[in-house]
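A.B. asks: Have a look at this prediction, sequence included:
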Amino acid sequence: MSTKLIDRIYDSDHDEAAQRDALTNGEIPVAVYGLGKMGLPLASVYAETTGNVIGADIDPEVVETISNGSCHVKREPGLETLVSDLVADDALTVTTEPRDAAAQASVHVVIVPTPITDDHEPDLAILDAVVEDIATGLSAGDLVVIECTVPPQTTEQRVGAALKANSALEHGEFGLAFCPERTSSGRALEDIRGAYPKVVGGIDDESTRAATLIYEEINAEGVLPVSDATTAEAVKVFEGLYRDVNIGLANELATLTDELGIDVNEAIEVANTQPFCNIHDPGPGVGGHCIPFYPYFVIKPFETETPLLETARAVNDSMPQFTVNKLREEFDAERLAFEDASVLLLGLTYRPGVEEIRASPALDIASISSDLGADVYGVDPMLDETDAFDLTRLDHSEIYDRSFDAVVMVTHHDDFDTIRWDDVSRSDGQLVVIDGRDTLDLSDTDHRVYTIGGGYV
Ligand SMILES: NC(=O)c1ccc[n+]([C@@H]2O[C@H](COP(=O)([O-])OP(=O)(O)OC[C@H]3O[C@@H](n4cnc5c(N)ncnc54)[C@H](O)[C@@H]3O)[C@@H](O)[C@H]2O)c1
Ligand SMILES: CC(=O)N[C@@H]1[C@@H](OP(=O)(O)OP(=O)(O)OC[C@H]2O[C@@H](n3ccc(=O)[nH]c3=O)[C@H](O)[C@@H]2O)O[C@H](CO)[C@@H](O)[C@@H]1O
């Protein structure tokens, strides 16, 4: 029986029990590239599992913060303490040099940004840079795991080719798999440790086996191995496409509310009582760094026409304008010129409880309203500054000090449950309220409420 330390999982000549032991007792060094909202939680779960993780991030402030045992990723339950403990125990070390991490590690986990350009093209330059860094330190028996969301075929065709071209290795000498990060901000540790099974797809069977073994140690819900890396990439993107299209359906149904003369939200809720229907919630728009962007990972790189994906995107992107149009209808009915109006937006982040404004509907609602000449104000308990928004920032307590012609509920943070609606005033006439999330009950006020999907309840 070889007593040599096991330094690899891929194409190992030891049995799987020995590989598992080697992984969990720290004999297999792991590098995690990208220590952001998802990367730091991921590196931490890897470190709590293996005790031997080097995190690489090119942002010196990120590395400095973590190396001091602190945590720059906020509002992730348990993460701050975990990072502090792991750094104190040397289970997690960090560097600003991805190449140094690559030279040390046998398992390379990549979770860096894969943004979309203003032309909606996938921008994989960051991924390319990390892959090139990894290739400089790639050794036989290493396994590379891509966790960042990418267009299908990226792992096999783009990453695999770059690893081969920039290392002295051929396929079969190192492993490569796509294992998507199925995680939501605000519950990252819970999700990574096992809210759902981990999807694993390798460029060859041995890559799938090796990645499966690793994630069986990481994820309590187990692993779903799929046919190949492209299938795994498609799983992740399809999850997002399903959501964007279904939110688009809900939003299109909501635009029918007035002509149908019903509460569409009621009809959706009742329709969803049978198991073959899961219509999502209408709203003033779709934000975040996932759902509005994942469709372009399929729309753009492939020749096949995707009219449904593009139409759903267009419907969702139209909802901020739909929301402002409702305001204009109200003001027109009162012969109030939009440029004389004062409008308060409640909730500027893209969803409640998450300090993220990427593609938030409030961005467009504020800019469209401002462009029409209104005085726009915004309140969000999660944001200390709102420079990205075309509005004047107010604290929650300040909304009672001035009058507004209209209030729009864009994102309903818990904090807004304490709003004293009788004290939110209009200089004269009924306050107009656009309830973008169907989360308000203002029946005991004399405000005039229009609910997206609900009409004038
Ligand atoms: N945020 C989410 O809710 C979520 C959920 C699922 C999947 N994802 C995916 O995870 C990936 C990362 O997302 P995120 O939200 O953690 O991003 P983020 O912007 O919060 O963090 C990215 C980190 O990568 C670092 N980085 C950039 N270039 C680098 C390089 N060349 N080498 C090393 N580090 C580098 C940045 O400094 C930053 O700290 C994306 O592909 C995203 O699609 C995100
Ligand atoms: C693992 C992973 O990648 N997880 C993703 C993450 O996605 P996310 O953080 O981007 O958040 P989402 O909830 O998708 O919201 C996006 C925008 O869509 C609006 N919206 C939403 C639902 C609806 O019925 N009507 C709407 O209008 C909402 O206000 C917001 O602006 O968590 C979701 C589970 O929360 C997952 O499903 C999703 O895969």
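C.D. replies: Looks like it arrived, so ask away. Ligands and ions are numbered 1, 2, ... in the order given.
A.B. asks: For the rest of this, base every contact and every neighbour count on C-alpha atoms.
C.D. replies: Noted.
A.B. asks: Quick check: the residue in the stretch 101-250 of the chain positioned nearest to ligand 1 vs K37, distance?
C.D. replies: The nearest approach of the stretch 101-250 of the chain to ligand 1 comes at C148, 3.5 Å away (Cα to the nearest ligand atom). Distance of C148 to K37, given as Cα to Cα, to the nearest Å: 12 Å.
A.B. asks: How about the residues of the stretch 151-300 of the chain by ligand 2?
C.D. replies: Counting by Cα under 6 Å from any ligand atom, the stretch 151-300 of the chain comes close to ligand 2 at 182-185, 239-240, 247, 280-283, 285-288, 290-291.
A.B. asks: Narrow these to those that are buried.
C.D. replies: Burial by neighbour count, judged by 16 or more other Cα atoms under 10 Å, picks out 182-183, 185, 240, 247, 280-283, 285-288, 290-291 from these.
A.B. asks: Which ones among these also lie next to ligand 1?
C.D. replies: R182, T183, S185.
A.B. asks: Among the buried ones among the residues of the stretch 151-300 of the chain next to ligand 2, which lie within helices?
C.D. replies: G240, I247 (DSSP state H).
A.B. asks: Any idea what V376 is bridged to?
C.D. replies: V343 (DSSP bridges).
A.B. asks: residue contacts, it?
C.D. replies: Going by Cα atoms under 8 Å, 6 or more residues apart in numbering, V376 touches S342, V343, L344, L345, A366, S369, S370, D390, L391, T392.
A.B. asks: Which two of these have the greatest separation?
C.D. replies: Using Cα to Cα, the two most remote members of the contacts of V376 are S342 and D390, lying 13.2 Å apart.
A.B. asks: Once you drop chain neighbours, what's closest to the single nearest residue of the stretch 201-350 of the chain relative to ligand 1?
C.D. replies: With Cα to the nearest ligand atom as the measure, C290 is the residue of the stretch 201-350 of the chain nearest to ligand 1, at 6.2 Å. Leaving out its chain neighbours, the residue that sits closest to C290 by Cα to Cα, 6 or more residues apart in numbering is G240, at 7.1 Å.
A.B. asks: follow-up on the earlier one: so for C148 and K37, which sits in the more crowded spot?
C.D. replies: Set C148 next to K37 and count neighbours by other Cα atoms under 10 Å: C148 wins out with 23 against 19.
A.B. asks: Who are the contact partners of that one?
C.D. replies: Counted by Cα under 8 Å, 6+ apart, C148 has contacts V110, I111, V112, P113, T114, P180, E181.
A.B. asks: quick one: the last one and T149 touch, right?
C.D. replies: Put plainly, it is E181. Yes: the pair E181 / T149 is scored as a contact, 7.4 Å apart, by Cα atoms under 8 Å.
A.B. asks: Compare those two and say which is more crowded by neighbours.
C.D. replies: Of the pair E181 and T149, T149 is the one with more neighbours under other Cα under 10 Å, namely 24 against 20.
A.B. asks: about what we covered before: show me the residues of the stretch 151-300 of the chain next to ligand 2 that map onto strands.
C.D. replies: Judged by DSSP state E, those include no members of strands.
A.B. asks: Point me to the helix or strand that includes E259.
C.D. replies: According to DSSP states H and E, E259 maps onto helix 257-260.
A.B. asks: could I get that helix in CSV with only the CA atoms?
C.D. replies: Taking Å, rounded to 0.1, in the frame of the first residue of the first chain, the C-alpha atoms of helix 257-260 are listed here in CSV:
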residue,chain,number,x,y,z
THR,A,257,-55.4,43.8,-15.5
ASP,A,258,-57.3,47.0,-16.4
GLU,A,259,-58.7,45.7,-19.7
LEU,A,260,-59.8,42.4,-18.0
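A.B. asks: Could you identify the helix or strand that succeeds that helix?
C.D. replies: By DSSP H and E, the next helix or strand past helix 257-260 is helix 264-271.
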